[in-house]
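1. Below are the sequence and a predicted model for it; my questions follow.
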Amino acid sequence: MSIVNCSLFPYAAAIFDLDGTLLDSMWVWHAVDRDFFAARGLAVPADYVEKIQSLTFRETAQYTVARLGLPESPEEIMAEWDEMSFREYRDRVRLKPGAGEVLRALRSRGVRLGTATNLSARVARTVLAQNGVLELFGALTTTEEVSRGKGYPDIYLLAARKLGAAPGQCVAFDDVAKSLLGIRAAGMAACAVYEPGSGDWNEMIRQFDVNIKGFEELL
């Protein structure tokens, strides 16, 4: 079943992942990974993206430092990644087709909008502002604010509290199966969003009966 079959929109709040969900941005991180590893004379490990998919930004940096035995601290790695990606988000990253229209339609109906993202607050604010939708969001929540990654309910529960909505009143959108399980654990409706390379889409459809291949389905 697609969420489009639900009566109008039976939720008080909608919480969105950004990378790969609202934003056509996964190419940025493929380039960051490639350049980051190449600068150290390495290729990106085949399982690297899968290993970090539901980790926080800090956990990803910690994992990368430990896996590669790097001399830098996680904080230094995070700052490097943030700087490598910032200009791309500011200048080139765009919303997925239909996403802006869906956000505006939901907001016009009084639905409270929030984020649950691994992006830094600086990057999240910048990219949403550049795409003309920042003012639609009642609250931005990032994994910088919680101690565990998106496979756990923490970030979604925090986002709901910021929006003043009970978890059962929320739907959250993500393109990664582990994150969608974290949404479910928070007691929210979990909507899978298709993103090439984020996992087995047929398996995600089997696991999550609320799913969309694109935001145009909601219009």
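-> Happy to help now that I have it.
2. What ranges does this protein have for its helices?
-> Listed in chain order, the helices of the chain (DSSP state H) span 26-38, 48-52, 57-68, 74-91, 99-108, 121-130, 154-163, 177-185, 201-207.
3. would you turn those into TSV with distance to residue 145 and mean pLDDT?
-> The C-beta positions use only the backbone N, C-alpha and C, and glycine is treated the same way. Formatted as TSV, these follow (distance: least, CB to CB, whole Å; pLDDT from 0 to 100):
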stretch	distance to residue 145	mean pLDDT
helix 26-38	21	94
helix 48-52	19	92
helix 57-68	11	94
helix 74-91	14	94
helix 99-108	22	95
helix 121-130	9	96
helix 154-163	6	98
helix 177-185	15	96
helix 201-207	26	93
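4. Quick one: residues contacting the closest residue to residue 94 other than its chain neighbours.
-> Once flanking residues are discounted, residue 94 sits nearest to residue 24: 5.7 Å by CB to CB, 6 or more residues apart in numbering. Listed by CB atoms under 8 Å, 6 or more residues apart in numbering, the contact partners of residue 24 are 93, 94, 95, 96.
5. From those, list the buried ones, please.
-> 93, 95, 96 (16 or more other CB atoms under 10 Å).
6. I figured the first one hits residue 28, correct?
-> Yes - using CB atoms under 8 Å, residue 93 is in contact with residue 28, at 6.4 Å.
7. quick revisit: need the helices of the chain in TSV with mean neighbour count and distance to residue 16, can you?
-> What follows is the helices of the chain, written out as TSV (neighbours: other CB atoms under 10 Å; distance: least, CB to CB, whole Å):
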stretch	mean neighbour count	distance to residue 16
helix 26-38	15	15
helix 48-52	15	20
helix 57-68	17	17
helix 74-91	16	15
helix 99-108	17	8
helix 121-130	19	10
helix 154-163	23	9
helix 177-185	22	11
helix 201-207	14	17
